[in-house]
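*Asks:* Return atomic coordinates for the entry below.
(chains A and B)
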Amino acid sequence: MSGHDHDHNHPHAEVGGEGPPGYYDIMETAVRELLIERGLLSAAEIRRQIEVLDSRTPALGAKVVARAWVDPAFKARLLADGWAACGELGITSYDETAMIVLENTPQVHNLIVCTLCSCYPRPLLGLPPDWYKLKPYRARAVSEPRKVLAEFGTVIPDDVEIRVSDSTAFVRFLVLPQRPAGTEGLSEDELAALVTRDAMIGVVPATPIGGPVP
Amino acid sequence: MSDTRDFVRRLPNDIGGLAADRIDRVEHALQPWEKRCHALADVLDYHKIISTEAKRRGVEALGSEVIGKLSYYERWIVAFANILFQQQILTPVDLARKMAEVGARWETHA
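*Replies:* Sure thing, here's the model as predicted:
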């Protein structure tokens, strides 16, 4: 069945615009179009998924963290079942991965990694930064997390336990950072602004009042 | 060090705990084709054609030399092609013909 789209959808030419597409760019277009021609997926599904990817940013994770900071009952539900609690805020997953939220405390600091590839809580944080996908972080986070954190400017005292959680294709993690001191009077939106992507990976703390320590 | 045990104990993706360089906090905005490749991966997963885990294994099957030389999304699209050949959904000839067509399309549009 050849349900070929006759909309001449050539995103490489429309968006890139400068220079010919590369070999792998052409391969992507070719694979996608062949699958569409065979009726296995549709161009609309690809477009819709690009919109989904564009709509997922760390602001979603920050909203979840800020709510957990102000609402202990919500936090308990979040730690018990990540996606169920996120659903209360209208944030849903777009894949079938489980979400485990890891709470930082004065005694425990959590760090997430994917040693095998690049698994990441994408529905809450968007796509991962390149360094998360590259060998130095993946190789070293599990064996020398204190050194790795120090390279991000984060020094964890020796009496604080560091727990490193290794993500998989089926289970993803999000770090719930500690609420910074002196934030008692802030609104939920103001609190969310202190929660960065890197804080939810666990490589830095939430931004203290007055901005990050240089 | 020619001890072959190091090769058989770890597949190419299994790098947790190995010695490595300092972390260089690099980031880049995805190129349009990279974002399309990511969307394609997600849609293939939704349709149970290529799952996330199958994709990871497909990348691993490229072997460490290819993995080391291709960029992240280049590995993905090559892995997808190989998996689709194995599943007999596409043939290498199908892909070669379509790639020639796509390349020629750009030349005529340019």
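*Asks:* For chain A, which segments are assigned as helices?
*Replies:* Along chain A, counting by DSSP state H, helices occupy A:11, A:23-37, A:43-55, A:58-70, A:72-80, A:82-88, A:122-125, A:130-133, A:135-140, A:145-151, A:188-192, A:197-201.
*Asks:* Check which helices and strands the fifth one is in contact with.
*Replies:* Helices and strands in packing contact with helix A:72-80 are listed as helix A:58-70, helix A:82-88, strand A:98-103, strand A:171-176; criterion 3 or more C-beta pairs under 8 Å, 6 or more residues apart in numbering or on different chains; DSSP states H and E. The way it works is simple: take the backbone N, C-alpha and C, and place the C-beta from them, glycine included.
*Asks:* number of nearby residues for the closest residue to A:Val195 other than its chain neighbours?
*Replies:* Computed as C-beta to C-beta, 6 or more residues apart in numbering or on different chains, the closest residue to A:Val195 that is not its neighbour in sequence is A:Ala62, at 3.7 Å. By other C-beta atoms under 10 Å in any protein chain shown, the residues close to A:Ala62 number 24.
*Asks:* cool, and B:Pro12?
*Replies:* 17.
*Asks:* And B:Thr4, by the same measure?
*Replies:* 7.
*Asks:* Report the separation between it and A:Asp189.
*Replies:* 57 Å (C-beta to C-beta, to the nearest Å).
*Asks:* now B:Ile15
*Replies:* 40 Å.
*Asks:* what do you get for B:Lys69?
*Replies:* For B:Lys69, the distance to A:Asp189 - C-beta to C-beta - is 46 Å.
*Asks:* Who are the contact partners of A:Ala68?
*Replies:* Contact partners of A:Ala68, counting by C-beta atoms under 8 Å, 6 or more residues apart in numbering or on different chains, are A:Phe74, A:Lys75, A:Leu78, A:Val101, A:Leu176.
*Asks:* one step back: return the most buried member of the helices and strands packed on helix A:72-80.
*Replies:* strand A:171-176 (a mean of 24; mean count of other C-beta atoms under 10 Å in any protein chain shown).
*Asks:* so what does that one touch, helix or strand wise?
*Replies:* helix A:58-70, helix A:72-80, strand A:98-103, strand A:108-113, helix A:122-125, helix A:197-201.
*Asks:* and that strand with strand A:108-113, angle?
*Replies:* For strand A:171-176 against strand A:108-113, the angle by axes from the mean of the first three to the mean of the last three C-alpha atoms, to 10 degrees is 140 degrees.
*Asks:* Strand A:171-176 versus helix A:58-70: what angle between them?
*Replies:* Using the same axes, to 10 degrees: strand A:171-176 against helix A:58-70 is 60 degrees.
*Asks:* mean confidence score for strand A:171-176?
*Replies:* The average of the pLDDT scores along strand A:171-176 is 97.
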